[in-house]
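When you get a sec, could you give me coordinates for this:
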Amino acid sequence: MDLLDEFRRYAGECRKMANQARTSSDQELWQGIAVRWEEQCVELMKSETVAAHHHTSAHQHRKSPHPPWLHH
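The predicted model follows:
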């Protein structure tokens, strides 16, 4: 299981706990924790997107030390 799936699972579990909570303050607490897990998902997706873009850009801008016709 990757980290995004794990964070989503945690958020879902927190939402279940919120639905089962007996008091409104407990419901709000669990909802708040679920939101924080979801925010972590968004941040992780952003960082993975930036890392992938950086990796792709680095490969595109790197010049081969040999001319293209030299490759076999």
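
same for the helix or strand of the chain with the lowest mean pLDDT, what does it pack against?
Between all helices and strands in the chain, the lowest mean by mean pLDDT, DSSP states H and E belongs to helix 24-61, at a mean of 86. Counting contacts by 3 or more CB pairs under 8 Å, 6 or more residues apart in numbering; DSSP states H and E, helix 24-61 packs against helix 3-20. (Glycine included, C-beta is placed from N, CA and C.)

and the angle for the helix it packs on with helix 24-61?
170 degrees (axes from the mean of the first three to the mean of the last three CA atoms, to 10 degrees).

Name the residues that touch helix 3-20?
1, 26-31, 33-35, 37-38, 40-41, 44-45 (CB atoms under 8 Å, 6 or more residues apart in numbering).

Also stretch 39-50?
3, 4, 7, 8, 11.

Flag every buried residue along it.
40, 41 (16 or more other CB atoms under 10 Å).

Dump it to CSV, restricted to CA.
This file holds the C-alpha atoms of stretch 39-50, laid out as CSV (Å, rounded to 0.1, in the frame of the first residue of the first chain):
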residue,chain,number,x,y,z
GLU,A,39,-4.4,17.8,3.8
GLN,A,40,-1.4,15.5,4.2
CYS,A,41,-2.6,13.7,1.1
VAL,A,42,-2.8,16.9,-0.9
GLU,A,43,0.7,18.0,0.3
LEU,A,44,2.2,14.6,-0.6
MET,A,45,0.6,14.7,-4.1
LYS,A,46,2.0,18.2,-4.6
SER,A,47,5.5,17.1,-3.5
GLU,A,48,5.4,14.0,-5.7
THR,A,49,4.2,16.1,-8.7
VAL,A,50,7.0,18.6,-8.2
